[in-house]
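Participant: just a sequence and a predicted model for now, questions to come.
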Amino acid sequence: MITLLSSYAVTIADVLPIVMVAVGALLQMTTGVGLGLIAGPFLLFVMAPASAIQTAIILNLLLSIILLPWEWRNVEIAPLMRLAAWAAIGIPLGSVFLISVDSASLKLVSGVAVVAAAVQLVLVKAPALSPGKHQSVVGIGGFVSGLMTGALAIPGPVALWALLASGLEPRSTRATLRAFFVAAYAFAYLMHLLLTGPNIEALSKSLALAPAVLGGVVIGFFIRRRISPVLLRRLLELLLFLMGASLVIKGVGILG
């Protein structure tokens, strides 16, 4: 009986990351947000911190490369270059933080970031700024986004806020974010390789989860016009609140 239960637990541990990554890719495909906020934080529950974040970086880079060709024509080059330049400063700092901090602290930081992103999706709108301020906003957003990419594989929320605050219209914002994700995740992965060398666990887990990314994209493509975007966004918000709260609880040690 004990052996049977142990085998069942291993099966759940193997299947749940596949489900979560597929759901993240599906939500990314349908709402524009998802995998970046789900993959890294969730994998912290089942993998060592450095391996979890590096796996999330690889999976998000794969998804971004898949989706970018459909959005490239709407990319705004000037804000993209500014975001990327400042992120290039933040990513190494975030990567050093990742390898320097303990697992509990990283879970706590990740949980707070995920809850904050969920609150942003629900409540926060980009502020109206005068035209002269947009460059500094994009620069600051790029730097903070770089920190979060290197440490948590979560570049999206701050970069999204910065682009919207700069006055970029939604379609161009989404496309510019996608191009930024390709650059940020690729540079973050390079930094991780330079700091820690190849991570075999991350590479093998990424290969195992890559089909889930592709499956989520395909399913998202077929259902995005059949299911209300509002319903999908509410699902994402609920998932982020639950996962973020769980990470915070784990980080402060309430669950051991």
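Facilitator: Yes, it's here. Just so it is clear, the structure is predicted and the values come from calculations on it, not from any experiment.
Participant: Ser136 and Gly142, how far apart?
Facilitator: 11 Å (C-beta to C-beta, to the nearest Å). (C-beta placed from N, C-alpha, C; glycine too.)
Participant: among those two, which residue is more densely surrounded?
Facilitator: A direct count of neighbours by other C-beta atoms under 10 Å for Ser136 and Gly142 places Gly142 higher, at 30 against 13.
Participant: stretch 225-245: which residues count as buried?
Facilitator: In terms of neighbour count (16 or more other C-beta atoms under 10 Å), stretch 225-245 has its buried residues at 232-233, 235-237, 239-241, 243-244.
Participant: let me have those in CSV, extended by pLDDT and secondary structure.
Facilitator: Formatted as CSV, the buried residues of stretch 225-245 follow (pLDDT from 0 to 100; DSSP: H, G, I helix; E, B strand; the rest coil):
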residue, pLDDT, secondary structure
Leu232, 77, helix
Arg233, 76, helix
Leu235, 82, helix
Leu236, 79, helix
Glu237, 80, helix
Leu239, 82, helix
Leu240, 82, helix
Phe241, 85, helix
Met243, 82, helix
Gly244, 82, helix
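Participant: pLDDT-wise, which helix or strand of the chain ranks last?
Facilitator: The helix or strand of the chain with the lowest confidence, counting by mean pLDDT, DSSP states H and E, is helix 2-31 at a mean of 72.
Participant: quick check: which ranges of the chain have low pLDDT?
Facilitator: 1-13, 124-135, 253-256 (pLDDT under 70).
Participant: would you point out which residue is most central in it?
Facilitator: Gly36 (1.6 Å; C-alpha atoms, centre = their mean).
Participant: what packs against the host helix or strand of Val109?
Facilitator: Per DSSP states H and E: Val109 is located in helix 103-122. Applying 3 or more C-beta pairs under 8 Å, 6 or more residues apart in numbering; DSSP states H and E, we find helix 103-122 packed against helix 35-43, helix 134-152, helix 156-165, helix 229-252.
Participant: can you get me a residue count around Ser100?
Facilitator: 10.
Participant: ok, now how distant is it from Ala179?
Facilitator: On the measure of C-beta to C-beta, Ser100 and Ala179 end up 30 Å apart.
Participant: for Ile140, same thing?
Facilitator: For Ile140, the distance to Ala179 - C-beta to C-beta - is 19 Å.
Participant: who's more crowded, those two?
Facilitator: Between Ile140 and Ala179, counted using other C-beta under 10 Å, Ala179 has the larger neighbour count: 21 against 14.
Participant: name the nearest residue to the more buried one, ignoring sequence neighbours.
Facilitator: Spatial nearest neighbour of Ala179, excluding adjacent residues (C-beta to C-beta, 6 or more residues apart in numbering): Val75 at 4.8 Å.
Participant: by how many degrees do the host helix or strand of Ala85 and helix 134-152 diverge?
Facilitator: In this assignment (DSSP H and E), Ala85 forms part of helix 77-100. For helix 77-100 against helix 134-152, the angle by axes from the mean of the first three to the mean of the last three C-alpha atoms, to 10 degrees is 30 degrees.
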